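Student: quick one, what's the 3D model for this:
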Amino acid sequence: MGAAAASALALAGCGTGSGGGGVATGAITVYSGQHPQTTALLVSAFERRTGVRVAERDGDEDVLAQQIVQEGGRSPADVYYAENSQALQFLSEKGLLAPVTPGTLAAVPAADESPGGSWVGVTARVSGIVYNTRLLSPSQVPTSVRQLADGRWAGKLGLAPSETDFQPVISSLSHSDGRAGALSWLEAVKRNAGSHVYPDNETLVAQINAGQVALGIVNHYYWYRLRYEIGSGRMHSAFATLAPRDPGYVLDVSGAAVLRSSRHQADAQRFLAFLVSPAGQEVIARSQSYEYPLGSGVATAQPIPAFAGLRPSPVSIAELGDGAAAVALLREAQLL
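Tutor: Alright, predicted model coming up:
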């Protein structure tokens, strides 16, 4: 059997639902912009199941995506695992991603993966409002992201604008209200935040919980992870979803792709197949990542709002784009 035929069979086997099981064939390098604790659990489970070794390089997803572009065909990365769809779309538009095997794509709803089949969705999070329960009652919490621009929130709103998780909210708002509307909103929330601008969402949620600021918009799992870390008795905050279909109520998809330049295509595709297999999705479902599994019909075992009950904005992955427009708006508003 020729090398090309053997490779084709190996790739086809990735999508059979076996989770990538089989004889170990080598090692792969994963550039991961996902949270390290999530990636580490999945990598460990994949290595135990397949015997394929994984070298993990963690970092900011945008920085890693730019690094892949700079490295080009010389990149040591085989797999890129991103926290948000926009970073994956960016690399897809550059032509740097290999097609994902059909069986792997079939494990996830088509709405939660690359429109062109160049990456597969693995998990999801939903954006909403975290608020301090000593400073605000549930009835006082905004039900629309647009309300955060109101002057009543001056000095009470916290932001983490450099977080890539913030970009899908801006992209969604720009899609619904136009570029000018999104820019006006950014300028208003910047004024309201004042000095309450934080380097990351972990800090933002901790500051809200401590009462240093009243509220902020983040993905749900930051609040649930803080509760896990410090205990429910020390929580003085809560998470609230926005009104159904509000542009700030965004379902953010985290996904993975195989680089076209990978020298280990078969094992890289096996890794993607594992991520969305029942075995890989169960790792997510039972972990403290507090994300929603997207593949193989697996539901989370954690006490977070039921996925079926979410009513996010109808904005699509294609409409969220590659994040470039959101970054441009953030820079124009002088938030980056």
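
Student: burial count for Pro244?
Tutor: Number of residues near Pro244 (other C-beta atoms under 10 Å) recorded here: 11. Backbone N, C-alpha and C define where each C-beta goes, glycine included.

Student: all the strands of the stretch 1-150 of the chain, in order from the start?
Tutor: Along the stretch 1-150 of the chain, counting by DSSP state E, counting those that start in this stretch, strands occupy 27-32, 53-58, 79-82, 120-132.

Student: tell me which of those is the most buried.
Tutor: Among these, the stretch with the highest mean neighbour count (mean count of other C-beta atoms under 10 Å) is strand 79-82, at a mean of 27.

Student: restricting to C-alpha, output it in PDB.
Tutor: Taking Å, rounded to 0.1, in the frame of the first residue of the first chain, the C-alpha atoms of strand 79-82 are listed here in PDB:
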ATOM      1  CA  VAL A  79      -3.100  21.700  15.600                       C
ATOM      2  CA  TYR A  80      -4.400  25.100  16.600                       C
ATOM      3  CA  TYR A  81      -6.900  25.100  19.400                       C
ATOM      4  CA  ALA A  82      -8.600  28.500  19.900                       C
END
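
Student: helices or strands up against that strand?
Tutor: strand 27-32, helix 61-71, helix 85-93, strand 251-258, helix 265-276 (3 or more C-beta pairs under 8 Å, 6 or more residues apart in numbering; DSSP states H and E).

Student: 6 Å - rerun?
Tutor: Applying 3 or more C-beta pairs under 6 Å, 6 or more residues apart in numbering; DSSP states H and E, we find strand 79-82 packed against strand 27-32, strand 251-258.

Student: ok, which of these comes nearest Thr133?
Tutor: Comparing these by their distance to Thr133 (C-beta to C-beta), the top pick is strand 251-258, with 24.8 Å.

Student: just checking, what packs against the closest one?
Tutor: Going by 3+ C-beta pairs under 6 Å, 6+ apart, strand 251-258 lies up against strand 79-82, helix 85-93, strand 120-132, helix 265-276.

Student: so where's the stretch 151-300 of the chain uncertain?
Tutor: Within the stretch 151-300 of the chain, the set of residues satisfying pLDDT under 70 is empty.

Student: okay, helices next: where are they in it?
Tutor: 166-193, 201-209, 220-230, 265-276, 278-285 (DSSP state H, counting those that start in this stretch).

Student: the strands of the stretch 1-150 of the chain into a markdown table, with extra columns for distance to Pro138 and mean pLDDT?
Tutor: Converted to a markdown table, these look like this (distance: least, C-beta to C-beta, whole Å; pLDDT from 0 to 100):
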| stretch | distance to Pro138 | mean pLDDT |
| --- | --- | --- |
| strand 27-32 | 36 | 96 |
| strand 53-58 | 37 | 96 |
| strand 79-82 | 34 | 98 |
| strand 120-132 | 8 | 98 |
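
Student: now these in CSV, please, with extra columns for distance to Pro161.
Tutor: Converted to CSV, these look like this (distance: least, C-beta to C-beta, whole Å):
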stretch, distance to Pro161
strand 27-32, 23
strand 53-58, 22
strand 79-82, 19
strand 120-132, 14
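
Student: for His236, which of those strands is the nearest?
Tutor: Nearest of the strands of the stretch 1-150 of the chain (C-beta to C-beta): strand 120-132, 6.0 Å.

Student: mind exporting the C-alpha coordinates of that closest one to PDB?
Tutor: Presented in PDB, the C-alpha positions along strand 120-132 are these (Å, rounded to 0.1, in the frame of the first residue of the first chain):
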ATOM      1  CA  VAL A 120     -14.400  22.000  14.100                       C
ATOM      2  CA  GLY A 121     -16.300  23.400  17.200                       C
ATOM      3  CA  VAL A 122     -15.400  21.700  20.500                       C
ATOM      4  CA  THR A 123     -17.100  23.700  23.300                       C
ATOM      5  CA  ALA A 124     -19.200  26.800  23.700                       C
ATOM      6  CA  ARG A 125     -19.700  29.600  26.200                       C
ATOM      7  CA  VAL A 126     -22.300  32.300  26.400                       C
ATOM      8  CA  SER A 127     -21.800  35.900  27.300                       C
ATOM      9  CA  GLY A 128     -23.900  37.700  29.900                       C
ATOM     10  CA  ILE A 129     -23.700  40.000  32.900                       C
ATOM     11  CA  VAL A 130     -21.900  39.300  36.200                       C
ATOM     12  CA  TYR A 131     -23.100  41.600  38.900                       C
ATOM     13  CA  ASN A 132     -22.400  42.200  42.600                       C
END
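
Student: helices and strands around that strand, which ones?
Tutor: helix 201-209, strand 215-219, helix 220-230, strand 237-240, strand 251-258, helix 265-276.

Student: and that strand, which strands flank it?
Tutor: strand 215-219 (antiparallel), strand 237-240 (antiparallel), strand 251-258 (antiparallel), strand 292-293 (antiparallel) (DSSP bridges).
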